[in-house]
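*Asks:* Only the shape, not the letters, is given here:
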């Protein structure tokens, strides 16, 4: 990559887009007090708390999800007294880091999130044709090896994503777990910190003119959503089986026998490509992360 892209001069580090995801909140607050580790020559790196009211209440959001309102309708909505807090906040963020889609927008934004899922340190991309971001992710993955760093591509042929980070020319989501909401785990925070560190290292090398050879990265895409089994009233009738609780992998034929042995019911086990269920006690193996 000898790169036709312009140098990256402004980088945003977002934490607290969801106020109960604390790793990004704590890192942003730390960097605002002492930003030595995120400084890079010739680059303005701005740590920013995106949803301070939600952070204060330790809740996902106040009125609506901040990570869903960066569409043109919300960003152009008139400011009136009853406007949802997150919509008003989105307009403020767009003013500081955008305008979205303009030449004046920030070059790169890392939006730092946590998940209760056992995803490890996952990077989320929105554009499979963004050569700069692909090269950066490739660099981060190699720097973290042998520790895995999955990549999730949420690109859609017609849908324009309204994520907080989409204000930037190069939006990158960082999703690290497992971590309960409203809790901070040291190992999870450390993974997030490393991803940001290696990303900023790449920015420095890129700006210095280093050439990167062509590369490919493996990505995951969500093919469908798999719901829990429900009764006629729409109530959930099953729980995640302990064997799958912290695993993200495909259900195998061995799991059928494992479920049969674990529940001790000797009842016919329901099987599909989505979940396994004991018809009697409702123990279940849900294949919720069966990503190709």
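*Replies:* Arrived safely. Treat the numbers as computed from the prediction; the structure is a model and nothing was measured. Numbers count the residues shown, from 1 in each chain.
*Asks:* tell me the secondary structure for the residue nearest to residue 139 when sequence neighbours are not counted?
*Replies:* What sits nearest to residue 139 in space, not counting adjacent residues and going by C-beta to C-beta, 6 or more residues apart in numbering, is residue 202, at 4.4 Å. Heads up, the C-betas are built off the backbone N, CA and C, glycines and all. Using DSSP: H, G, I helix; E, B strand; the rest coil, the structure places residue 202 in helix.
*Asks:* what's near enough to touch residue 202?
*Replies:* Residues in contact with residue 202 (C-beta atoms under 8 Å, 6 or more residues apart in numbering) are 135-136, 139-140.
*Asks:* And the pLDDT at the residue most central in space within the chain?
*Replies:* By C-alpha atoms, centre = their mean, the chain has its centre lying nearest to residue 175, at 3.5 Å. Reported pLDDT at residue 175 in the predicted model: 97.
*Asks:* just residue 267 next, same as before
*Replies:* The per-residue pLDDT reported for residue 267 equals 35.
*Asks:* Residue 138 touches residue 214, doesn't it?
*Replies:* No. Between residue 138 and residue 214 there is no contact under C-beta atoms under 8 Å: 9.9 Å.
*Asks:* Pick out whichever of those two has more residues nearby.
*Replies:* residue 138 (19 against 9; other C-beta atoms under 10 Å).
*Asks:* how much space between the closest residue to the more buried one other than its chain neighbours and residue 133?
*Replies:* Closest residue in space to residue 138, ignoring its immediate chain neighbours: residue 215 at 4.4 Å, by C-beta to C-beta, 6+ apart. Here residue 215 is placed at a distance of 12 Å from residue 133 (C-beta to C-beta, to the nearest Å).
*Asks:* So these two - more neighbours on which side?
*Replies:* Remark: of residue 215 and residue 133, residue 133 carries more neighbours, 22 against 14, as counted by other C-beta under 10 Å.
*Asks:* residues contacting that one?
*Replies:* Residue 133 makes contacts with 125, 127, 170, 172, as judged by C-beta under 8 Å, 6+ apart.
*Asks:* care to break this structure down by domain?
*Replies:* As assigned by automatic domain parsing, the chain contains the domains 10-207, 224-292.
*Asks:* Please work out which of those domains is packed deepest.
*Replies:* Burial of the domains of the chain is given as mean neighbour count (mean count of other C-beta atoms under 10 Å); domain 10-207 ranks first at a mean of 18.
*Asks:* Any idea how far apart the tips of that domain sit?
*Replies:* With C-alpha to C-alpha, to the nearest Å as the measure, domain 10-207 spans 12 Å from end to end.
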